[in-house]
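Q: Just a sequence and a predicted model for now, questions to come.
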Amino acid sequence: MPNPRGSLAPVPDDASGRSRLASWYAQGMSDGLGDRLLMFDNAATGPLEVLRVRPDFALVPDFETRLRLRFDRLAGFTHAGFAPARGIEHLDNGEGLTVISSHVPGTRLSELFRSTRPHGGMHPASARWAMRELTGAMAALHREARDIAHGALGPDRIVITADRHLVITDYLFADALEHMKIPPERLWGELGVVAVDAPARLDQRSDVVQLALVVISLVIGRRVPPAEYPANLPRLLDEFSATASRRSADLMRPLIEWLE
């Protein structure tokens, strides 16, 4: 892989006369899975996102093996609601394990909660649209096999595009993360994932719980902390209901019924 610190890397013309390939790079977001680098070029493949997996995960025995097995199992999976995984490689400079995916331009949902100004949350109609897009995409992934799940679904790994579509990223990690037996407090603090069982299971059921928490967060305008789920779920649903009812009582009831 090219040196990510280079801003422009032209490739000389070859003997066949094909045009030169130029690549340039930009820093992407970082989260509990690792650091990202965005790679752009004038090739037909489009921009890529290179996730450098955090070293303490990558060095765990079997982590890479399980990641590659999941990549192989989902090699034929395509859906407009997911950013396609393109490969798993090691950086040429020895800086570690990377997962390469198609880059989806847009705004991560987590950015909606980082504003210093008060955030009133999404209108229930927009939240219902988001729920419909996400459930359709997750249902397609779950249909691949009963043991296939995202495992780390959350606002950090959902992009809203300029043409109003939601695209889910980083869908290869469920088995590798579950095998690590990460304590629930670390799952939440480092990955933004609420564990619904002990030991934590990152399966299709946990995906549905994470999806519900995303919808709640969008409406109330803030992320749901672990102290509120599941211990204070009734109060959380009351807040959701009150916030949604102020904007659209008619749309609130179907959302509440789905969440419950």
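A: Perfect, thanks for sending it.
Q: Could you list the residues in contact with the longest helix along the chain?
A: Determined from DSSP state H, the single longest helix within the chain is helix 124-142. Residues from elsewhere that reach helix 124-142, judged by C-beta atoms under 8 Å, 6 or more residues apart in numbering: 77, 79-82, 122, 148-150, 153, 158, 165-166, 168, 171, 204, 207-208, 211, 214-215, 218-219, 244, 247-248, 251-252, 254-255, 258. Glycine gets a C-beta too; all of them are placed from N, C-alpha and C.
Q: Which of the residues you listed fall in helices?
A: Judged by DSSP H, the contacts of helix 124-142 include 204, 207-208, 211, 214-215, 218-219, 244, 247, 251-252, 254-255, 258 as members of helices.
Q: Quick one: distance of stretch 140-160 to the chain centre.
A: Between the centre of stretch 140-160 and the centre of its chain there are 8 Å (C-alpha atoms, centre = their mean, to the nearest Å).
Q: wait, stretch 31-41
A: That offset, for stretch 31-41, works out to 12 Å (C-alpha atoms, centre = their mean).
Q: average model confidence for that stretch?
A: Computed over stretch 31-41, the mean pLDDT rounds to 91.
Q: Restricting to C-alpha, output it in PDB.
A: The C-alpha trace of stretch 31-41 is given here as PDB (Å, rounded to 0.1, in the frame of the first residue of the first chain):
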ATOM      1  CA  ASP A  31     -13.400   5.300  16.700                       C
ATOM      2  CA  GLY A  32     -13.200   2.200  18.900                       C
ATOM      3  CA  LEU A  33     -12.300   0.000  15.900                       C
ATOM      4  CA  GLY A  34      -9.300   2.100  14.800                       C
ATOM      5  CA  ASP A  35      -8.100   5.000  12.600                       C
ATOM      6  CA  ARG A  36      -9.300   5.600   9.100                       C
ATOM      7  CA  LEU A  37      -7.600   7.000   6.000                       C
ATOM      8  CA  LEU A  38      -9.500   8.100   2.900                       C
ATOM      9  CA  MET A  39      -7.800   7.300  -0.400                       C
ATOM     10  CA  PHE A  40      -8.900   9.000  -3.600                       C
ATOM     11  CA  ASP A  41      -7.600   8.500  -7.100                       C
END
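Q: Taking the contacts of helix 124-142, please make a ChimeraX selection of just the buried ones.
A: This is how ChimeraX selects the buried members of those, with burial counted by 16 or more other C-beta atoms under 10 Å:
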select :79,81,82,122,148,149,150,153,158,166,168,171,204,207,208,211,214,215,218,219,244,247,251,252,255
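Q: quick one on the thing from earlier: show me what counts as buried in the longest helix of the chain.
A: Pro124, Ala127, Arg128, Ala130, Met131, Glu133, Leu134, Ala137, Met138, Leu141, His142.
Q: tell me, what residue is most central in the protein?
A: Closest to where the C-alpha atoms of the chain average out (C-alpha atoms, centre = their mean) is Arg157, at 1.9 Å.
Q: Settle this for me: Gly221 is touching Leu109, isn't it.
A: No - in this structure, Gly221 is not within contact of Leu109 by C-beta atoms under 8 Å, at 11.8 Å.
Q: between those two, which one's more packed in?
A: With neighbours defined as other C-beta atoms under 10 Å, Gly221 and Leu109 compare such that Leu109 has more, 22 against 15.
Q: what pLDDT does the closest residue to that one other than its chain neighbours get?
A: Distance criterion C-beta to C-beta, 6 or more residues apart in numbering; nearest residue to Leu109, sequence neighbours excluded, is Pro155 at 3.8 Å. The per-residue pLDDT reported for Pro155 equals 93.
Q: what about Pro155, distance to Phe63?
A: 24 Å (C-beta to C-beta, to the nearest Å).
Q: quick one: average confidence on stretch 169-180?
A: 96.
Q: Can you point out the buried residues in it?
A: Thr169, Asp170, Tyr171, Leu172, Phe173, Ala174, Asp175, Ala176, Leu177, Glu178, Met180.
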